[in-house]
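*Asks:* Sequence first, predicted coordinates after that:
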Amino acid sequence: MFWLIGGGLLALGFGADLLVRGAVAIARRLGVSELAVGLVFVGFGTSVPEFVTSVSAAFRDAPGIAIGNVIGSNIANILLVLGVAGLVRPVHLGVESFRRDGQALVLATGCGLFAVLYGDLSWFEGAIFLILLLIYSVATYHAEKRRNGTALTVRAHQVARAIAPPERPIYGVVMFVGGLILVVGGAAFFVDGAIALARVMHLSETVIGLTIVSVGTSLPELATSVIAAVRGRSELALGNVLGSNVFNVLGILGATAIVAPLHITGALTPLDLSMFVGSALVLTLFAWGNRNIGRFAGACFLGTWGCYVFVRVMF
């Protein structure tokens, strides 16, 4: 059971790294711009574990893990990831930097709340979610290119270089295919282990999805945000969390619903929904007040998340 979870998580992380490196190498061969490569890496690379895990859970008839993973990851990204980042170095939340992505976060949170309250997410609602994500991605790409084209292109080039894609295209294809196999296989082991753990601990699959699974799949966001905070790039930590939360709801729930419609009636409690909506609301209020997530606020974020996980596991 635990070896399934640990082995699956390692395969997810290593496979996601290979997958992204291979994808970048293939994209370069096809002439895709460095700007697009950088933006896709930031938006897609850290969310691969959540995506494949939720789809795998849906195929295994475990909708509680699929929806719990998404909702729990969004809660953890704000309270756990930004809380830890704030303890390392204050994360500045400004109105201007938050305006566009913050609006997308509010929209995505509303869509996630609708999905839970409605109870069933069919391929039609999933397609709408994906269309909204596509609109947001295209708008972000063009807005950033117009606003800060040169600087952003340089930054995207640095991101693409940082992940060290192979020079020869054939190696890129091998890494992409190998990474895909590892991610899919790792997700299968991870979900099987989570289901077994839920049965042994007499917990619902939803609770396991909200806690263990969501934390495991949020580790890339945590690592990326902490590194950004250490290097004094708080805007990258914030952007990583916002982009991941938008992608989690619109992209992961949307794609999961298309391949395997979700039936989530009664899967989540009022506490889960309150934390899901409340964490996004608190982040929005901090941004509109031009507040920093410093050490005190970071400790409060982290403590709130810890209390929530404790209550969900124990009661």
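*Replies:* Good, I have the coordinates. Residues are numbered from 1 along each chain as shown.

*Asks:* Leaving out chain neighbours, which residue sits closest to residue 257?
*Replies:* Leaving aside its sequence neighbours, residue 257 sits nearest to residue 126 (CB to CB, 6 or more residues apart in numbering; 3.0 Å). (Glycine included, C-beta is placed from N, CA and C.)

*Asks:* repeat for residue 63
*Replies:* Residue 63's closest residue in space is residue 262 (CB to CB, 6+ apart), at 5.0 Å.

*Asks:* quick one: contacts for the one you found?
*Replies:* 58, 63, 66-67, 115, 120-121, 253, 256 (CB atoms under 8 Å, 6 or more residues apart in numbering).

*Asks:* still on that earlier bit, the residue nearest to residue 257 - how many residues pack around it?
*Replies:* 22 (other CB atoms under 10 Å).

*Asks:* Equivalent analysis for residue 116, please.
*Replies:* 21.

*Asks:* And the helix or strand where it lies, what does it pack against?
*Replies:* Per DSSP states H and E, residue 116 falls inside helix 95-118. Packing contacts for helix 95-118, counted by 3 or more CB pairs under 8 Å, 6 or more residues apart in numbering; DSSP states H and E, involve helix 63-76, helix 123-162, helix 234-246, helix 270-288.

*Asks:* can you redo those helices as JSON lines with distance to residue 88 and mean pLDDT?
*Replies:* Output for the helices and strands packed on helix 95-118, formatted as JSON lines (distance: least, CB to CB, whole Å; pLDDT from 0 to 100):
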{"stretch": "helix 63-76", "distance to residue 88": "17", "mean pLDDT": "92"}
{"stretch": "helix 123-162", "distance to residue 88": "20", "mean pLDDT": "71"}
{"stretch": "helix 234-246", "distance to residue 88": "9", "mean pLDDT": "80"}
{"stretch": "helix 270-288", "distance to residue 88": "17", "mean pLDDT": "92"}
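
*Asks:* what sits against the nearest residue to residue 129 once chain neighbours are set aside?
*Replies:* Leaving aside its chain neighbours, residue 129 sits nearest to residue 254 (3.1 Å; criterion: CB to CB, 6+ apart). Residues near residue 254 by CB under 8 Å, 6+ apart: 125-130, 133.
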